[in-house]
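**Student:** Using only what follows, build the 3D model:
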Amino acid sequence: MPKGSKRQSLYHGVIVVDKPTGMTSQDVVTVVRKAAGTRRVGHTGTLDPLATGLLLLMLGEATKLSEYLVGYDKSYEGTMKLGVRSDTYDIQGQVEETGCTDFPDGEALASLAEEFTGEIDQVPPPYSAVKIKGKKLYEYARKGEVVEAEPRQVRVDEYAILEQEGDRVRFRVRCSSGTYVRSLVHDLGEKADCGALVEELRRTEIGDFKIDEAFTLDQVRECAPEEFGNLVTPMMDVVPDWPVFHINDQAALWIRRGQAIPVGMCQLDGESRNPRIGDLVYICPLGKDAMAVSKTVPAPPGSPPAELKRYTGLWLQPVKLLAPEELQ
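**Tutor:** Numbering: from 1, shown residues only. Next comes the predicted model:
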């Protein structure tokens, strides 16, 4: 395939990848693009090169669903090293010894970590992609310019100290999207008056996606073209808590035209809950993957066609068409 090709993707959905250490998230995207034979691949949130673990890669039409995934809660496990600091808040930065050798024990660290749970204000690390005056913080940091970002509110549901052996401490964090685990470790080290940085970090959960569902990059690279689709989670399963409605060909025609359709002419999937007003739902032609994301509304936004006027109850207003014509 020529460089820069816009060839239509044969695959539409998500691949759950276990990112190895030393690679950027964009490196992983490049591998999946080559394996899938399309440039229409994107991720839903980066991992630092040091970090390993879950990375969600969206293929084809599923790239349009990325906005609904970036806000998922995340879980991490890792190792922090006490008695040191670095400019990046991890082992890959400029590391300096703090001179502290009398470290708090696990119980004391757990008590301090508890102070960083709940809704907290967190300052992003100097080496991060947060933008200040149009430039990313790491761009300032690389030039030696000191620019401090404003604190941002994040939510930390769990900051657990799992095990301690000397200056190394295993920990687990469950948090909202946008939380910097490197900052949590750095701030804990400052609170403990000994310094700390991230030595290892692994993302284990993103929303309902778990690390044991992930494919290695070797599995992605070595997968035969005729079996590649087995790695792809369908679009209708990408956001698993959305209700799914199956529709006939006539209803699909209305959806393609942007016309709201009544719930009464659709079939709710047997595994889906009943939607409420304002919920987002999947619209799927019978026997096929999702063709649209729709919103449940109490009435159509305008006067419906004559064929639909007899229906009462909730309506499904399309907000995003997904599938290309050949999938519909």
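
**Student:** Can you list the residue ranges for helices in the stretch 201-328 of the chain?
**Tutor:** 217-222, 249-256 (DSSP state H, counting those that start in this stretch).

**Student:** Out of the ones you listed, indicate the one that is most buried.
**Tutor:** Ranked by mean neighbour count, these are led by helix 249-256 with a mean of 16 (mean count of other Cβ atoms under 10 Å). C-betas here are computed from N, CA, C, even on glycine.

**Student:** could I get the helices of the stretch 201-328 of the chain as TSV with mean pLDDT and distance to L69?
**Tutor:** Formatted as TSV, those follow (pLDDT from 0 to 100; distance: least, Cβ to Cβ, whole Å):
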stretch	mean pLDDT	distance to L69
helix 217-222	95	19
helix 249-256	92	22
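
**Student:** Can you say which of the ones you listed is nearest to R310?
**Tutor:** Nearest of the helices of the stretch 201-328 of the chain to R310, taken as Cβ to Cβ: helix 249-256 at 14.1 Å.

**Student:** And that closest one, what does it pack against?
**Tutor:** strand 261-262, strand 280-285, strand 315-321 (3 or more Cβ pairs under 8 Å, 6 or more residues apart in numbering; DSSP states H and E).

**Student:** what do you get if the cut-off is 10 Å, keeping everything else the same?
**Tutor:** The contact analysis (3 or more Cβ pairs under 10 Å, 6 or more residues apart in numbering; DSSP states H and E) places helix 249-256 against strand 244-247, strand 261-262, strand 280-285, strand 292-297, strand 315-321.

**Student:** And for it, what's in contact with it?
**Tutor:** With contacts defined as Cβ atoms under 10 Å, 6 or more residues apart in numbering, helix 249-256 is touched by 245, 247, 259-262, 265-267, 283-286, 288, 291-292, 294, 304-305, 307-308, 316-318, 321, 323, 325, 328.

**Student:** For A260, give me the backbone phi and psi.
**Tutor:** phi -60, psi 140 (degrees, to the nearest 10).

**Student:** correct me, but it touches G302?
**Tutor:** Yes - in this structure A260 lies within contact range of G302 using Cβ atoms under 10 Å: 8.3 Å.

**Student:** who has more neighbours, the two?
**Tutor:** A260 (20 against 7; other Cβ atoms under 10 Å).

**Student:** Tell me who's in contact with the more buried one.
**Tutor:** By Cβ under 10 Å, 6+ apart, the neighbours of A260 are 254, 294-295, 297, 299-302, 304, 308, 314-318.

**Student:** How much space separates it from V297?
**Tutor:** 7 Å (Cβ to Cβ, to the nearest Å).

**Student:** helices and strands around the longest strand seen in the chain, which ones?
**Tutor:** The residue-count maximum for a strand in the chain (DSSP state E) belongs to strand 152-165. With contacts defined as 3+ Cβ pairs under 10 Å, 6+ apart, the packing partners of strand 152-165 are strand 74-82, helix 106-114, strand 118-122, strand 168-175, helix 181-191.

**Student:** hmm, 6 Å instead?
**Tutor:** The contact analysis (3 or more Cβ pairs under 6 Å, 6 or more residues apart in numbering; DSSP states H and E) places strand 152-165 against helix 106-114, strand 118-122, strand 168-175.

**Student:** report the angle between the axes of that strand and strand 168-175?
**Tutor:** 150 degrees (axes from the mean of the first three to the mean of the last three Cα atoms, to 10 degrees).

**Student:** hmm, who's touching strand 152-165?
**Tutor:** Here strand 152-165 makes contact (Cβ atoms under 6 Å, 6 or more residues apart in numbering) with 106, 109-110, 113, 116-117, 119, 121-122, 170-176, 178-179.

**Student:** let's see 7 Å
**Tutor:** 105-106, 109-110, 113, 116-122, 124, 169-176, 178-179, 184 (Cβ atoms under 7 Å, 6 or more residues apart in numbering).

**Student:** looking at it, T24 is touching L47, isn't it?
**Tutor:** No - T24 lies out of contact with L47 (Cβ atoms under 7 Å); the separation is 8.3 Å.

**Student:** Looking at these two, which one has more neighbours?
**Tutor:** L47 (21 against 13).

**Student:** Show me the shaky parts of the chain.
**Tutor:** Low-confidence segments of the chain (pLDDT under 70): 1-9, 127-147, 324-328.

**Student:** got the domain boundaries for the protein?
**Tutor:** According to automatic domain parsing, the chain comprises the domains 13-71+209-234, 74-206, 241-327.
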